[in-house]
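Trainee: The following block contains a protein sequence and its predicted model.
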Amino acid sequence: MSPSSQGRWSQPELRVDLAKTPAAASVSIFHIQQRLDLDMLLLHLLLSSVTVTKSQSVALSRRQYDPGNEINCKDYSFSYPEFYLYDPSYTIATKNTTGDVGFSAYNIATNITFDCYARGVDLSLPANATEWHDCSVPATQFSFSVLSNSFGLRQTWICDNAPELTFVANGSVELPDALGCNSEAAQRWCLYGNNAIYPSLSSPVAIKPFAAWYPRTPYEYPDRCVERSDYPMWEIHDLTFNHTSSQQTLSVTIVNVMNGGKLSCTVALNEDLTRADKHASRWNNCTNTSQVGSEVSATQILFDHDYGLLGIKQTWKCHDNVAANGEPDTYIGLGYLVSLLRCTRASEYEGEVTSDQLSYTCSLPTTNISGYAAYDFPPQMPHTSYTHSCMMNSINSTELLLQDYETGGNGLASFTVYNPGPGDTYAIQNLTVPEDGLWHTCQGALPWQLVTCDYLFNRSTSKVGFRFQWYCDDRDPSNAYVDPWYG
């Protein structure tokens, strides 16, 4: 149908400020409900408790996309809050059950150091009993169990760069046995080694923050294959994704930068199965023709067209290894790339598409993928890119962009809305246009990013509204599913 017969209303991008009210909710994945209404706008953020595999103790300074050394309180608080403990110790009188306990601590998010010491602490409490004591700064308490060698810390703080948010964190660490104890003058004094607590947040959202795990980046790229294998990298050439209504096929040429091995790979895909499994990682063995002498023994491909996710898992050999120095000759690497492909459908002739709309071809320009050595594999890669945190950006975002809308004489309307939080564009197609100005559920298949979609449209008042709900999996990549409770 031509634009003139549809009655197309062309409108430039409309930026709209949103009021945001984060709140914690006891559900299994963090939900966001967002309503776009040209008269009244409201954003509800509903975030759930999640369980996340803990990464390394500190953010490595030589990781890709590292924000630098400057501490950003809000980003640290959401991404990897940490309490560093200095000189934890306790003193107990001989034949007594009470003593003195304390340590100094540092909150990396607020960049504040404080002391936590208490006298007359009951050291006979069972390991599952907790007694809290005040620290030297407000809204901060600690606990200690001599039976389990565990220290706990809970704190509330507000960041200068996010005064509208109140962070509440609680965590504990079980330390190894004391470094040493000294008994004299009818008392026993024990000192533990320095350590850190990685707390969970209960406010403004209930999460166990997950620190992004990026590929290592060397200062200078090594010459030897053995040393390069600590920083795996692949060149991606001639990637083509062919999609029809009955099958999907990915073909790609991969160059192993470590040893120069080159292979052409083809994998058959099943997007219906991927969607049914909530986009769980699905690795496919590569049917390939390797270059002679490349010494690439195995290659697997992960591809999710909906999420723009490409993964490579490969095993290779290095001929410059020195076995006498304990250098292995076989190496394993893993790499991910998050990049939407450029797709073209069948050509049009006089406004009519010449073939099925489900048939199209996508491609990717030549690019590199940085990866991880086998000893440094991350937890499962979330489909939300580590370089664009869905949760962080959804909380930080203050606007939506209504990019375009169309209405026609057939009583249907289509809308395009960009959500800078997760970085998604929603094409909401062929909605019926009721004249009651009330909320209705979007009909038909939703864009893959959305969990629910409601809309209102009133032609007489030119009133348009949307209520979206989506989930983010960048804070719990192993459990990205939607709870049936929507708020």
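Mentor: Structure received. Numbering: from 1, shown residues only.

Trainee: Tell me where the stretch 351-487 of the chain has strands.
Mentor: 352-353, 360-364, 367-373, 399-407, 412-419, 424-432, 440-441, 450-458, 463-471 (DSSP state E, counting those that start in this stretch).

Trainee: Run through the stretch 251-400 of the chain and note the low-pLDDT ranges.
Mentor: Applying pLDDT under 70 to the stretch 251-400 of the chain flags residues 278, 288-294, 346-357, 379-389, 392, 396-398.

Trainee: one more time with 90
Mentor: 270-282, 286-297, 304-310, 319, 323-326, 329, 336-360, 370, 375-400 (pLDDT under 90).

Trainee: just the stretch 51-200 of the chain next, same as before
Mentor: 51-81, 92-99, 122-130, 146-149, 161-162, 164-165, 175-188.

Trainee: first vs last residue of stretch 140-160, how far apart are they?
Mentor: This stretch, stretch 140-160, spans 18 Å end to end (C-alpha to C-alpha, to the nearest Å).

Trainee: Can you give me the buried ones in that stretch?
Mentor: In terms of neighbour count (16 or more other C-beta atoms under 10 Å), stretch 140-160 has its buried residues at 140-146, 149-155, 157, 159. No exception for glycine: its C-beta is placed from N, CA and C like everyone else's.

Trainee: The residues you listed in helices, which ones?
Mentor: Among those, no residue falls in helices (DSSP state H).

Trainee: Now the two most distant members of the residues you listed.
Mentor: Greatest spatial distance in these: Val146 and Cys159, 34.5 Å, computed using C-beta to C-beta.

Trainee: Please point out which parts of stretch 259-274 sit buried.
Mentor: Going by neighbour count (16+ other C-beta under 10 Å), the buried part of stretch 259-274 is 259, 261-265, 267, 269, 271, 274.

Trainee: need those in a markdown table with secondary structure and distance to Asn194, can you?
Mentor: Below are the buried residues of stretch 259-274 laid out as a markdown table (DSSP: H, G, I helix; E, B strand; the rest coil; distance: C-beta to C-beta, whole Å):
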| residue | secondary structure | distance to Asn194 |
| --- | --- | --- |
| Asn259 | coil | 42 |
| Gly261 | coil | 45 |
| Lys262 | strand | 48 |
| Leu263 | strand | 48 |
| Ser264 | strand | 52 |
| Cys265 | strand | 48 |
| Val267 | strand | 48 |
| Leu269 | strand | 49 |
| Glu271 | helix | 50 |
| Thr274 | helix | 45 |
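
Trainee: Quick check: the farthest pair among those residues?
Mentor: Asn259 and Glu271 (33.0 Å).

Trainee: before we move on, back to that, and Val296, which of the strands of the stretch 351-487 of the chain is closest to it?
Mentor: strand 367-373 (14.0 Å).

Trainee: and the closest one, what does it pack onto?
Mentor: Contact here means 3 or more C-beta pairs under 8 Å, 6 or more residues apart in numbering; DSSP states H and E; on that basis strand 367-373 packs against strand 233-243, strand 309-317, strand 330-338.
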